[in-house]
Each structure stands twice: as structure tokens, then as C-alpha cells.
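S.K.: Quick one, fold the following:
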Amino acid sequence: MSKVLQDSNSLDTPIQFIKGVGPKRAKVLESLNIFTIKDLLYYFPRKYLDRTSLSTIGSINEGDEVNLVGRVKSVNLKKMKKGNFVTANVADHTGSIMLMWFNAADYIHQSLKVGDLLAMHGKVATYQGSPQIVHPEYDKLNANEISLTTGFIIPVYPLTEDLKKSGLDNRNLRKIIYLALQSVEDIEDHFDKDLRDNFEIEDLNISLRNIHYPKNFESLDKSIHRLKYDEHFFLQLLLALRKQKIKENKYDSIKFKTISYNKILKNLDFELTGSQQLSLREIVDDFLSENPMNRMIQGDVGCGKTIVSILASAIVVDNNYQVAIMAPTDLLSKQLYKNFKSYFDSIGIECSLLVGSLKSKEKNNVLEEIKSGNSNIIIGTHALFQNDVKFKNLGFVVIDEQHRFGVNQRQKLLAKSTNPNLMAMTATPIPRTLAITYNGDMDLSIIDELPKNRPEIHTSYIDKDNLSTAFNFIREKVEDGGQTIIVYPLINESEKQDLSAAVESYEYLRDNIFPDIKVGLMHGKLDDENKNNEMQSFMKGDIDILVSTTVVEVGIDNPNVNVMLINNSERFGLSQLHQLRGRVGRGTLESYCLLCSDSESPTTKERLSIIVNSRNGFEIADEDLKLRGPGEFFGEKQSGFVKFKIADLITDGPIIRNARMNAFEIIKNDANLTQNNHLMIKQKFDDEYLQLFLKTTVN
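M.R.: Model prediction:
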């Protein structure tokens with residue numbers, strides 16, 4: 001490419017020195033984290049327009065969207081009361097066309113001169129029998145500059161209001177990026193030719209030029225693939241290094257002692273599924289290794305992850321280590337405590353509960369039991385990683401619903417361990433592309449079978465106008481001895497309007513629909529004492545119908561609940577609906593989930609039909625990912641996670657798998673990236689990812 005500036009620039013050149021930018025526009029670009037030429041070149045188009053074919057003026061028809069080249073024959077500014085407009089007559093060797101602009105008329109009138117050669121794009125209309133284009137995009141053509149809008153594949157960039165106010169529209173931005181590309185020499189690649197050939201990716205210099213000004217669609221596809229690959233590769237490299245860092249640590253192995261394990265196994269009134277048995281074998285293999293465990297247990301709602309964690313904990317306790325189980329809420333912690341205690345009390349193993357709601361004297365007693373080692377298994381919330389919690393010999397950390405904790409929170413708890421074995425669990429089935437991105441430094445166990453004794457859950461969609469039918473059905477099931485949960489969509493417990501609607505609905509149901517049936521209320525704003533009392537009453541059967549917000553999403557394990565009614569179900573993600581549905585069908589009663597909505601949207605009905613027709617959480621998770629995207633999938637983003645510029649977790653499955661395989665292979669053979677062909681990779685990693693690596697890795 002020919003140079004447009006006297007001296008070639010480096011990628012680190014401040015953006016204000018590119019022609020057409022200057023200090024004022026540079027300030028606006030800086031608000032988008034564009035400080036240098038490199039930042040500008042990584043500001044990727046959001047879409048492309050195909051303008052590769054040129055038409056002659058004489059061949060066009062009304063309604064055509066055309067690319068033309070012609071010479072200006074006349075320019076006129078016409079004044080009106082409500083503003084001015086400009087017309088320009090442009091001709092080629094086959095005919096002429098009238099161009100018209102109502103916006104920026106004065107500027108365009110000053111800019112266009114008779115004799116200018118223009119490249120134009122727009123939609124053809126007719127006025128008084130003659131062709132015209134209103135508000136065409138155009139570029140002036142001369143010997144030193146090509147058209148940036150006609151005859152090419154045209155990039156379209158995301159524009160903020162601040163960019164528009166500064167005069168940086170797509171046309172100007174294209175020109176600035178074009179000049180920036182001309183001003184830099186070949187861009188050095190962090191992958192050498194051998195690696196590029198091995199990875200089957202395009203050269204970086206070519207890719208960064210073609211992503212903005214592709215020669216054809218084939219070159220554009222190669223460039224997009226390369227730049228997506230980069231983002232996935234370096235994130236997978238971070239995960240590979242984190243995994244390597246964990247494996248570098250050597251600790252005492254945990255022997256497979258089976259005394260407590262076999263006692264619990266013998267007392268089970270059900271048979272473990274094949275998936276549960278396989279997960280336990282993988283856990284035992286981790287314990288026997290001298291490297292600490294770093295495993296994710298991923299399973300569908302009701303698949304039996306808790307019993308797996310109980311049996312794993314029994315092995316650890318028999319090795320004279322303590323176990324800490326951390327859950328995101330008091331409610332879930334108390335439910336887990338009850339489950340663990342029901343198994344371990346009978347075999348003489350002490351369990352403790354540590355949550356924020358404990359009174360001072362209770363808390364101090366628990367802290368002393370933990371410090372002395374008298375408490376073998378400690379279940380709690382964020383309270384577990386506070387400074388005043390001192391373990392005697394913590395050897396196993398279990399994180400339940402792990403996606404609700406940031407990386408740093410998990411590390412704080414692990415730092416208290418003398419032998420930091422980590423097992424994270426989630427009842428949110430995660431599509432594979434997300435699993436190897438969000439949790440790619442962890443070994444993965446999947447429990448994809450439901451226990452054989454679980455009843456069918458009949459799921460159906462009802463219109464809000466048919467609620468009376470649903471209420472009659474609920475009454476019938478309650479009279480038969482079952483219990484019901486009615487859910488209202490309070491996604492965030494601070495949403496006052498939703499909370500008020502849920503409370504009003506509870507009062508209406510209690511006083512008008514079910515006056516002879518005991519109705520309870522549960523939401524996150526209740527104080528701990530009332531919440532606990534309400535939950536205990538529901539678990540004991542003193543409450544027949546529980547009206548609740550989404551605090552019931554996890555934590556309620558009541559085998560007598562056989563009906564759930566979810567109001568305004570269109571407001572929930574599919575995975576959240578599946579989680580809520582998992583609160584029923586946990587005993588032997590035939591169970592029902594009713595999805596209620598008054599939305600007429602075809603999209604809503606299509607979404608809800610996915611839940612109606614599938615009980616497979618992994619299938620539902622895949623659909624949820626497609627519909628909502630990864631940013632919303634977990635409900636809250638993990639702390640410190642990388643934000644992609646061009647990569648897409650939904651569509652990039654093959655790229656992610658290849659990038660992961662290659663990144664992990666490199667770290668396996670060259671953990672410190674000291675080989676000559678890895679030095680540039682290390683430099684880019686150190687510049688862009690090292691701080692995140694240090695922030696999220698146990699030292």
C-alpha cells in the first residue's frame with residue numbers, strides 16, 4: 001500500500017495523529033477505549049454491505065439498490081422555510097440521474113463541484129419520470145484515492161451518539177481506518193508461519209486489513225476466522241496456564257478410605273445411576289493424585305449431585321481432613337446442611353452451619369468448632385471465606401451453584417486449605433462451548449441421568465385468562481395431599497413494583513381463591529426468621545400453597561410438592577424456568593408444571609414450547625444460549641471474564657475446540673512459553689492477559 005503520511009506509523013501511534021481525527025475526535029474515540037492505531041484496527045465492523053457490482057445509469061430501474069460512478073454536471077442549493085436541500089445532476093456515458101440531500105445541505109453544497117467524479121450508492125426512485133436517489137452515500141474519486149463505498153464489500157461500524165455528534169459517521173470512520181491502514185507497515189504476527197499453517201489460520205497483517213476492506217467474501221471469511229481464533233486461543237491459553245499452575249502444586253494424596261463411604265452407601269434407599277458412579281470414580285482418581293482436584297460436576301436438575309458430594313466428603317473426612325461446602329444463599333446452605341446432617345449424624349461425623357444470619361454466640365461457637373477440628377464438615381455461604389474463619393485442616397472445598405460466585409471468592413476459600421482440592425457443582429446444564437470457556441481450566445464430570453424413581457413432570461402452557469382452571473386443578477391436587485408452589489417473576493429482589501405485585505397476588509389468593517387452604521408467602525425481602533419459619537412450615541406440610549418469588553429456584557427439596565404454577569413465564573430465561581420446574585417431581589407423586597403467560601408474541605410461545613416439550617436440561621441450555629446469548633446465560637457475569645470483540649460463543653464451537661486443543665498442547669510442551677516460536681505469543685499474553693491470570697490464579 002502507498003503511504004499517505006510522510007513517515008510510517010507504528011501500531012502504538014496515538015489516534016489523534018491519523019489524518020481526519022485530531023484532538024477533539026480523539027477524545028470521543030478514547031471513550032470507546034480507542035487510544036492508538038492498534039485499538040482502531042481492532043474496532044471491528046458490525047456488518048458488511050455487498051457493493052461489489054457496478055451498474056450504468058442507463059440500466060437502472062425504480063426500486064433497485066445500485067452502485068454507480070458518474071461525473072457531476074450541476075449542483076444546486078434550494079432554500080425552503082423548514083430547511084435547505086441540495087440537488088446534483090450526475091451522468092455517465094449511458095445517462096444521468098438526480099441526487100438529492102435534505103440533511104447537511106450546506107456542507108454538501110460546498111463540498112460538491114461540477115466536474116467531480118463520484119462513486120455513489122443508494123435506492124433508485126423516480127420523480128416526474130426521471131430517476132433519482134435521495135440521500136445517497138458517496139465518495140469523490142481522484143487519482144490518489146479509491147472509493148470506500150462503491151465497488152467493494154463495505155464495512156459498517158457500531159456508532160455511539162458521541163461519535164455521531166462529533167461528525168464521525170460510518171463514511172468518515174471508514175476513511176480514517178483506511179488512512180490508518182495505509183500508514184502502517186506490515187503488522188507483525190504473534191504466530192509464525194509454521195504455527196499458522198498448523199492452526200490453518202490466515203496471516204494477521206492480511207486479516208486486519210481484510211476485516212476492514214476485504215477483497216472478496218472468501219478473504220473476509222478467512223479474516224473473521226483468524227481474528228475469532230485469536231480471541232479464543234488466548235483465553236484458552238489463560239485457562240491452560242491456570243490449569244498448569246494448579247498441577248504444579250504437589251500435595252498429599254487422599255487415600256480411598258471406604259469406612260464412612262460404605263456406611264452411607266449401605267443406608268441409601270436408592271441405587272446410584274451410572275453417571276453418579278462414573279463421577280465418583282473420577283473424583284477418587286483426583287484424590288489419589290498428588291495434584292489437587294479442580295473438577296466441575298455438571299448435572300441436570302434433580303440428577304443427584306448432592307449425594308455425590310456427600311460420598312466424596314466421607315472419603316475426605318476419613319483421611320482426617322475437613323470439608324467446606326459453600327452455597328450462594330442462606331436457604332440453600334440450610335437445605336444442604338439438613339441433607340448432609342441426615343447422612344453423617346448416624347455415623348458420628350460432625351456437621352456445622354455457618355451463615356451470616358447466625359447470632360453472635362452461635363457464630364463464635366461454630367468458629368471455635370471449625371478451628372479446633374471438632375467440626376468435620378462445614379456448610380455455609382460467603383461467611384466461609386471471611387478472615388475470622390480458621391480451619392484446622394481443610395482438605396476439600398465444594399462450591400454449589402458455582403456460577404453465582406466470582407473467581408476471587410472461590411480463591412479466598414481455597415486459600416484457607418492445606419490441601420486445596422476443589423469440586424464445583426452446578427445444576428445449570430452448560431452448553432459445551434460455554435463450559436470450556438467459563439470453566440475450561442477444570443476437569444469436567446457430567447451427570448446426565450435422572451434417578452429411576454423420579455416421576456414424570458407434565459409441563460403445559462396456559463393463557464392468563466384460564467387461571468381459574470389452573471386454580472381449580474391446584475385445589476384438587478392439594479385435597480389429594482400434595483403441595484403447590486406459585487411463582488411470581490421477581491428476577492431481582494430490589495424490584496419494588498414486582499415485589500408489591502407478588503404480595504398483592506398472595507393476599508388475593510389467600511383471601512379469595514383459597515380461603516380454606518393454608519397459603520404462605522416467601523420472598524427475599526423477608527427477614528431471616530420469618531423466611532425460615534415459612535420454609536419450615538412448608539416443609540412440614542403446615543402450608544399447602546407457597547406463593548414465592550424466584551428464591552425457590554434452588555434450595556427447596558420438598559418431595560411432597562407436585563404442582564408449580566409460574567406466572568408471567570415469558571420473563572424468565574429457559575434455563576431458569578427449567579430450574580424452577582426442578583422444585584417439583586422430587587418425590588413419588590406425579591407432578592405438574594404450569595407456564596402462565598398473557599403474551600401474544602409468537603417468539604414467546606415458541607420459547608415456552610421448548611420447556612413444554614423437553615425435560616433435558618442440556619437441550620434447553622443450548623436453546624437458551626441461542627436465544628439470550630452468553631452474557632445473560634448465567635444471570636450474572638463471572639468476575640474478571642474477558643469481553644470478546646469479534647468472537648461468538650454461540651456460533652464458534654469448532655473454532656473454540658481447535659483453539660483449546662492448540663493452546664493446551666503448547667502449554668503442555670512449553671509451559672513458560674520460552675521456545676523461539678512462542679516468544680511473540682508470550683509477549684501478547686503478558687501485555688493483554690497476564691493481569692487477569694494473576695488475579696484469578698491461586699499462588
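
S.K.: Quick check: neighbours of the longest strand seen in the chain in the sheet, parallel or antiparallel?
M.R.: Criterion DSSP state E: the longest strand present in the chain is strand 65-80. Sheet partners assigned to strand 65-80 using DSSP bridges are listed as strand 83-92 (antiparallel), strand 117-127 (antiparallel).

S.K.: Pipe the ones you listed into a markdown table and attach distance to residue 164 per row.
M.R.: Glycine gets a C-beta too; all of them are placed from N, C-alpha and C. Output for the strands paired with strand 65-80, formatted as a markdown table (distance: least, C-beta to C-beta, whole Å):
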| stretch | distance to residue 164 |
| --- | --- |
| strand 83-92 | 19 |
| strand 117-127 | 20 |
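
S.K.: Format the ones you listed as CSV; extra columns: distance to residue 295 and mean pLDDT.
M.R.: Formatted as CSV, these follow (distance: least, C-beta to C-beta, whole Å; pLDDT from 0 to 100):
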stretch, distance to residue 295, mean pLDDT
strand 83-92, 67, 92
strand 117-127, 56, 89
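
S.K.: now these in a markdown table, with mean neighbour count and distance to residue 663?
M.R.: As requested, the strands paired with strand 65-80 are exported to a markdown table (neighbours: other C-beta atoms under 10 Å; distance: least, C-beta to C-beta, whole Å):
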| stretch | mean neighbour count | distance to residue 663 |
| --- | --- | --- |
| strand 83-92 | 18 | 53 |
| strand 117-127 | 17 | 42 |
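
S.K.: And those: which comes nearest residue 537?
M.R.: For residue 537, the closest of the strands paired with strand 65-80 is strand 117-127, at 67.2 Å, according to C-beta to C-beta.

S.K.: Can you name the residues in contact with that closest one?
M.R.: 49, 51, 60-72, 90, 97-99, 112, 131-142, 147, 149-151, 154 (C-beta atoms under 8 Å, 6 or more residues apart in numbering).

S.K.: and the helix or strand that it is followed by, which strands flank it?
M.R.: Where DSSP states H and E defines the elements, the next helix or strand beyond strand 117-127 is strand 130-134. Applying DSSP bridges to the sheet, strand 130-134 is found paired with strand 95-101 (parallel), strand 117-127 (antiparallel).

S.K.: which regions of the stretch 101-250 of the chain lie under the pLDDT threshold?
M.R.: Applying pLDDT under 70 to the stretch 101-250 of the chain flags the ranges 141-151.

S.K.: Kindly reformat the strands paired with strand 130-134 as a markdown table and extend each row with distance to residue 419.
M.R.: Below are these laid out as a markdown table (distance: least, C-beta to C-beta, whole Å):
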| stretch | distance to residue 419 |
| --- | --- |
| strand 95-101 | 73 |
| strand 117-127 | 66 |
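
S.K.: before we move on, back to that, separate out the buried members of the contacts of strand 117-127.
M.R.: Among the contacts of strand 117-127, those buried by neighbour count (16 or more other C-beta atoms under 10 Å) are 49, 51, 60, 66-72, 90, 97-99, 112, 131-133, 136-139, 141, 147, 149-151, 154.

S.K.: on that earlier part again, determine which of the strands paired with strand 65-80 approaches residue 239 most closely.
M.R.: Closest approach to residue 239 among the strands paired with strand 65-80 is made by strand 117-127 (44.3 Å; C-beta to C-beta).

S.K.: re the thing from before, of all the strands paired with strand 65-80, which one is nearest residue 401?
M.R.: Ranking the strands paired with strand 65-80 by proximity to residue 401 (C-beta to C-beta) places strand 117-127 first, at 52.1 Å.

S.K.: residue ranges for the strands of the stretch 201-350 of the chain, please.
M.R.: Using DSSP state E, counting those that start in this stretch, the strands found in the stretch 201-350 of the chain span residues 294-299, 322-326.

S.K.: Which stretches in the stretch 501-650 of the chain count as helices?
M.R.: Assigned by DSSP state H, counting those that start in this stretch, the stretch 501-650 of the chain shows helices spanning 528-540, 574-581, 602-613, 617-628, 630-633.

S.K.: Out of those helices, which one sits most buried?
M.R.: helix 574-581 (a mean of 24; mean count of other C-beta atoms under 10 Å).

S.K.: Please export the C-alpha coordinates of that helix as PDB.
M.R.: Taking Å, rounded to 0.1, in the frame of the first residue of the first chain, the C-alpha atoms of helix 574-581 are listed here in PDB:
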ATOM      1  CA  LEU A 574     -35.400 -21.000  29.600                       C
ATOM      2  CA  SER A 575     -32.700 -22.400  32.000                       C
ATOM      3  CA  GLN A 576     -34.300 -20.500  34.900                       C
ATOM      4  CA  LEU A 577     -37.700 -22.000  34.000                       C
ATOM      5  CA  HIS A 578     -36.100 -25.400  34.000                       C
ATOM      6  CA  GLN A 579     -34.500 -24.700  37.400                       C
ATOM      7  CA  LEU A 580     -37.900 -23.700  38.800                       C
ATOM      8  CA  ARG A 581     -39.600 -26.800  37.400                       C
END
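
S.K.: by contact count, what packs against it?
M.R.: Applying 3 or more C-beta pairs under 8 Å, 6 or more residues apart in numbering; DSSP states H and E, one finds that helix 574-581 contacts strand 561-566, strand 591-597, helix 602-613, helix 617-628.
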